[in-house]
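Chemist: model the structure of this input:
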Amino acid sequence: MSGWMYILHCADGTYYTGSTNDIDLRLHQHQTGEGAKYTRSRLPVVLIYTEEYDRIDDAFFREKQVQGWTRKKKEALIEGAFEKLNDLAKCVNRTHYKNPLE
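Modeler: Residues are numbered from 1 along each chain as shown. Next up is the predicted model:
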């Protein structure tokens, strides 16, 4: 079964990243308030980016990967500025991952 990873632009300016095996149905669900709790209070939403995969579990894996990215890195992906992705990956706020031995 094929799958999609997608990014929505919410009315409050935030991004929502999800995955599905039926992109049209899922977008309809988000638009009508039947989608994720996050998007219900941020309507309307606009589909701004998709990636198609042969398997839904690959789309789900990609969703989780992109969810962990910074806003700037997501925007580079959305804009197709793939050359920026590696540099943006190096700009991680490392304060969340302190070495316990230090």
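Chemist: quick one, domains of this protein?
Modeler: According to automatic domain parsing, the chain comprises the domains 1-68, 70-102.
Chemist: looking at those domains, which one has the lowest mean pLDDT?
Modeler: Lowest mean pLDDT within the domains of the chain: domain 70-102, at a mean of 72.
Chemist: what about the closest residue to residue 42 other than its chain neighbours, neighbour count?
Modeler: In space, and not counting its chain neighbours, residue 42 is closest to residue 10: 3.6 Å by C-beta to C-beta, 6 or more residues apart in numbering. Glycine gets a C-beta too; all of them are placed from N, C-alpha and C. If you count neighbours by other C-beta atoms under 10 Å, residue 10 ends up with 17.
Chemist: out of the domains of the chain, deepest packed?
Modeler: domain 1-68 (a mean of 16; mean count of other C-beta atoms under 10 Å).
Chemist: how about the strands in this protein?
Modeler: Counting by DSSP state E, the chain has strands at residues 3-10, 15-20, 45-53.
Chemist: by contact count, what packs against the first one?
Modeler: Using 3 or more C-beta pairs under 8 Å, 6 or more residues apart in numbering; DSSP states H and E, the elements in contact with strand 3-10 are strand 15-20, helix 23-31, helix 37-40, strand 45-53, helix 56-67, helix 71-79.
Chemist: so that strand versus helix 23-31, what angle?
Modeler: 30 degrees (axes from the mean of the first three to the mean of the last three C-alpha atoms, to 10 degrees).
Chemist: strands paired with strand 3-10, and their directions?
Modeler: Strand pairing for strand 3-10, determined by DSSP bridges: strand 15-20 (antiparallel), strand 45-53 (antiparallel).
Chemist: kindly export it (C-alpha atoms) in CSV.
Modeler: Backbone C-alpha positions of strand 3-10 (Å, rounded to 0.1, in the frame of the first residue of the first chain) are rendered in CSV as follows:
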residue,chain,number,x,y,z
GLY,A,3,1.7,6.3,1.4
TRP,A,4,2.2,10.0,1.6
MET,A,5,4.1,12.3,3.9
TYR,A,6,2.6,15.8,3.9
ILE,A,7,3.0,19.2,5.4
LEU,A,8,0.1,21.6,6.0
HIS,A,9,0.3,25.3,6.5
CYS,A,10,-2.1,26.2,9.3
